[in-house]
Structures are given as structure tokens and as C-alpha cells.
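A.B. asks: Return atomic coordinates for the entry below.
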Amino acid sequence: MNARGREIFMLDSNTHNFTLGRRELLSLIAALMALMALGIDILLPAFDDIRVAYGLSEDSSSPGQLITVYFIGLAIAQLFFGPMSDWFGRKPVIYAGISIYVIGSLGAALAPNFVTLMIFRFIWGVGAAGTRVVAVAVIRDCYEGSQMAKAMSEVMAVFVLVPILAPTFGAGLIALFPWESIFWFCAIAALVMSLWSLRLPETLKPEYKIQFDWSSTKRGYVRVLRTRLTASYTAASIFLQAVFVMYLSSSERIISDILDRGDQFPIIFGVVAIMFGITALLNGKFVVVLGIKKLLLFSSSSLVLFSCLLLVVTIVEGGNPGFWVFIPLLAIVLSTFMFIMPNLNSAALFPMGDIAGTAGAFTSAIRMSIGAAIGGLLNAVIDESLTPFAVGVVAMAVLAFISMRFAGDPEPDVNYLES
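C.D. replies: Here you go, the predicted structure:
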């Protein structure tokens, strides 16, 4: 941990009579972020049961809407939780978010119809926003520059354990209990996290607290939009988020229906997620050695290259490539995200240290809301062919590459504001 991080935690650990080490801090932050992912990934094996329970057709894409509406709730709520974390501190937002998270998950478990389920999924996403906002803000409170990107990569390496384990765990729960049990489990997990969070000291420095004033928040939003590097990297992250949402929403149909590997879905989904974890760990090492600028250039170029290769293979095979061709290539494409997203998110906040909560929440809200909308539209055009999926991946990869090139050099401690 850098000097700034040591100062914060030594001060608070003396006040609270405990020491929160770097490993526990990053584990706690990863677990808080994992609550968000848990609400998505554990649900995927239940799509067939949801279709049956609510009288949907066997090939209905409606369960995918449960992912989209969750992301929309997550995105909108960050616009409020972000400023609140700068007004009142990080910890109150954690507990507010977890409380809403529990209400959403329990309401989803008891939903009598699909519309009600959608409403509580939105509420669930709102609650997940609180923990997600605080996780990013705490990292920004404690680290700077490449050390911040390294810490974010280490958090992501733990965070990706959720998509590795959650689908298999969810399938196991469904095999033993009613499918609604996955929602009850999420509520219990959130309550456990609220207890662990008691060990987290308040990381927002008193001098960084902002007065309870919407005008200052709006000024912070305008500053984000006017800062070239932050705005450009946020735009790039929107396009990558769209690919991620499209993948999450369509993965069950792609693997189960188009590739005819339904019984292996949790395993395949988990193996792809393992590659996320590996590349996240590698990113944490590479970003310190190479720096964010070089790593982003190399990884974004690689993303475009492998995305184009995925499209070529898909078209050559008439829209239905073999499993052992399509999935490995898709795994490489998605794994490249772990060399991009943590660094994008970190570098975008370089000029925003004094309003980390507001800026982090605003950029995340933009990314998730617009990315979810684009991803949902791309998911809707996927039928019995994988060509629309591959075309969507290439289009988003190219747009992300262009946005990153427009941003300029991501170096901390310089004036990024576009004159």
C-alpha cells in the first residue's frame, strides 16, 4: 500500500482499535463488488425454470431482460449513491445499499408474476449500486496512478471468482431446492457482507467531504464530461460494457441452444470466467511494469484483432461455427477485457481524486445504462445464427479503440481539462 493508504488506515485503525491490512481491504472490496455480480451470475442457470414458472415460451428471451433491468437499476442508482458517498462518507452508503439489495432479492423470491419479478430485479440493482460505488471510491481513496490500477486488477481477480462459481452453485441450489432459493441465498450473502463491513474504517478524508448540495454534484458531472480523458475513457467503457451485457444476456441461449451444450453450461461459463481471473492477475503485474498507456494500446489493438478473427470464423462457417472454434476465440476476446476495463476505470479517475465518489458513480452510471441498452438491443437480434453476435463484438471493439485513441495520454498529475 502506498503512503497515502498507510496514512488513512493507520489513523482509522488506531481509532477503531484494529488493523485492516492490504490483503483484507482488497478482499473486502472484492466481496462488496461481488454482491453485484452474484445477483447476475447465480441467476443464469434458472432461466429455464423462470420460463416454466411464469408461463413463457421455451425459446423466450424474456429472462435476459432480468439482466438488463438489473443493470439499469444499478446504473441509475449510482447517480445518487456517488454524491451521497462524498457527502456522508463511504460506510453509510454501504449499509443503505445492502439494505435495498436484501429487499430486492427477497421481493424477487416472492414475486407472483414476471412483471413483479422485473420490478424487484430493478430494486435489487439499485441496492447493488451502493456497494459498487463504495468499492471503487475506496480504491481511489487509498491508491493513485499505476498502484490504483494494480489494486483494481487484484480486486477484479477475486471478483471474477463469482462468475466462475456462481452458475455452478446456482445450478446446485436449484437441484436441491426450489429455484427461488438462489434469491434467498443472495439476501443471506448481503447480510454477511454487512457484518464484515463493520471492520472497514471510513476512508474519505474529512477535507474531501462535499457539502450536501446538488449544485456541487452537478458541477462534478459537468467536470467529468468536460475532462477529455475521463469522458473519452468512459465512452470506450460503454462499448465494452455493451459486449459484456450482450454476452451475459445471450450466453445461456448461445451455449445451450445454438451450440447444443445445455448440460455443460455452468462449466463452460465458469471456464471462460477463469480466463478473466488469469488475465486480471496478469494485468496487475503488467500495468506496473509497462504503464497504463502502453498496456491499453496493446490490449485494445489485440481486442480488435481477435474480434475480427471471431467474425471471420463465424461468417466462414455460415453463422454456426463449431463449439471448439467459437468458444475459445470468444474466451480470448472477453479475457482481453481484463487488460482494459480495470485500467480504463482507474485512468478515467486520475483527474478526479477530490470527487472520486461522484465521478466514479457518474462514469459508471453512464457506462452501465447506455452499455446495457446497447447490449440489450444487440441481444435481441441474436437468433439461430452467431453472426449478429460476432458483428456486435467487432463494432463495439472498434468504437472502443477509437475512443481510447482520442483520450490522449493517461498519465496522472497532469491537466486533462480540454480548453
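A.B. asks: Quick check: the gap between A129 and K294.
C.D. replies: 33 Å (C-beta to C-beta, to the nearest Å). Glycine gets a C-beta too; all of them are placed from N, C-alpha and C.
A.B. asks: These two: who's more crowded?
C.D. replies: Remark: of A129 and K294, A129 carries more neighbours, 29 against 12, as counted by other C-beta atoms under 10 Å.
A.B. asks: contacting residues for that one?
C.D. replies: M36, G73, L74, A75, I76, A77, Q78, F81, G97, A361 (C-beta atoms under 8 Å, 6 or more residues apart in numbering).
A.B. asks: which one among those residues gets closest to I164?
C.D. replies: Proximity of the contacts of A129 to I164 was ranked by C-beta to C-beta; the top entry is M36 with 15.4 Å.
A.B. asks: Next, the buried residues of the host helix or strand of that closest one.
C.D. replies: Using DSSP states H and E, M36 falls within helix 22-41. By neighbour count with 16 or more other C-beta atoms under 10 Å, helix 22-41 contains the buried residues 25-26, 28-41.
A.B. asks: ok, longest helix in the protein?
C.D. replies: Longest helix in the chain by number of residues (criterion: DSSP state H): helix 114-142.
A.B. asks: Tell me the gap between stretch 235-252 and the middle of its chain.
C.D. replies: 10 Å (C-alpha atoms, centre = their mean, to the nearest Å).
A.B. asks: Now do the buried residues in it.
C.D. replies: So for stretch 235-252, counting by 16+ other C-beta under 10 Å, buried means 235-252.
A.B. asks: Then stretch 104-119?
C.D. replies: Quick answer for stretch 104-119 (16+ other C-beta under 10 Å): G104, S105, L106, G107, A108, A109, A111, F114, L117, M118, I119.
A.B. asks: who's in contact with it?
C.D. replies: Contacts for stretch 104-119 (C-beta under 8 Å, 6+ apart): 39, 50, 54, 56, 62, 65-66, 69, 120-127, 180, 183-184, 186-187, 190.
A.B. asks: Narrow those to just the buried residues.
C.D. replies: Applying 16+ other C-beta under 10 Å to the contacts of stretch 104-119 flags 39, 50, 54, 56, 65-66, 69, 120-127, 180, 183-184, 186-187, 190 as buried.
A.B. asks: V102 touches L191, doesn't it?
C.D. replies: Yes: with contact defined as C-beta atoms under 8 Å, V102 and L191 form a contacting pair (6.6 Å).
A.B. asks: So for the two, which residue has more residues nearby?
C.D. replies: V102 (19 against 13).
A.B. asks: What are the phi and psi values at the more buried one?
C.D. replies: Main-chain torsions, V102, degrees, to the nearest 10: phi -70, psi -40.
A.B. asks: Tell me who's in contact with it.
C.D. replies: Contact analysis of V102 by C-beta under 8 Å, 6+ apart lists G127, A187, A190, L191.
A.B. asks: Pick the one among these closest to V288.
C.D. replies: Nearest member of those to V288, counting by C-beta to C-beta, is A190, at 33.4 Å.
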